[in-house]
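[1] based on what follows, work out the 3D shape:
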Amino acid sequence: MTHDEFKRRFLPLQSLLFRDAMRILGDRFEAEDAVQNLYLRLWEKRAELQSLMSPEGYCRIAMRNICIDRLRCVIDSAGSIVDDIQVPDDAKTLFEIKDEQRSIQIYLSGLPPQQRKVVKLRMSGHSYAEIESLTGLSAVNVRVIITRLRKKFREYYNK
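    Down below sits the predicted model:
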């Protein structure tokens, strides 16, 4: 598939795909990233997509899947902080995932800045030693903060 043919078949769908992503993700920047991610994937698979009968249908399904993956990533990263929350692949509906995501965001926004920073660093995959060097806290202090926040979040989440 040539560059011009790709532009002709897929670029007119951009606003439709963005609206789909906004409806699912509820955040403009996340939706823009999801659309960009989709177009990158489409470009990489352009040779296989030449015989598509319905580019719109293919793109809308792919966009939905990308958005669901993004929502699951947020829940999974929160699961690394809060061990009790698991996201079974087939048990959660999109609505439940979005509800849990909002609940986690509300909880995290109410934390003091230092605790929020420690949690975000841990959620992004940093080790305790890395968090210690980035925040200037002792390793024991970092572990205590994470442990206490896990306990508080379990109480908050189970209400």
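[2] what are the ranges of the helices in this protein?
    3-10, 14-25, 28-44, 55-81, 94-109, 113-123, 128-135, 139-157 (DSSP state H).
[3] since we're on Leu49, how many residues are nearby?
    Per other C-beta atoms under 10 Å, the neighbour tally for Leu49 reads 19. No exception for glycine: its C-beta is placed from N, CA and C like everyone else's.
[4] so who does it touch?
    1, 9, 42, 55, 58 (C-beta atoms under 8 Å, 6 or more residues apart in numbering).
[5] closest one of the residues you listed to Tyr128?
    Leu42 (40.0 Å; C-beta to C-beta).
[6] hmm, Leu52 and that closest one touching each other?
    No: using C-beta atoms under 8 Å, Leu42 is not in contact with Leu52; the gap is 10.1 Å.
[7] so which of the two has more stuff around it?
    Of the pair Leu42 and Leu52, Leu42 is the one with more neighbours under other C-beta under 10 Å, namely 20 against 14.
[8] how far away is Val35 from Ser124?
    Distance of Val35 to Ser124, computed by C-beta to C-beta, to the nearest Å: 23 Å.
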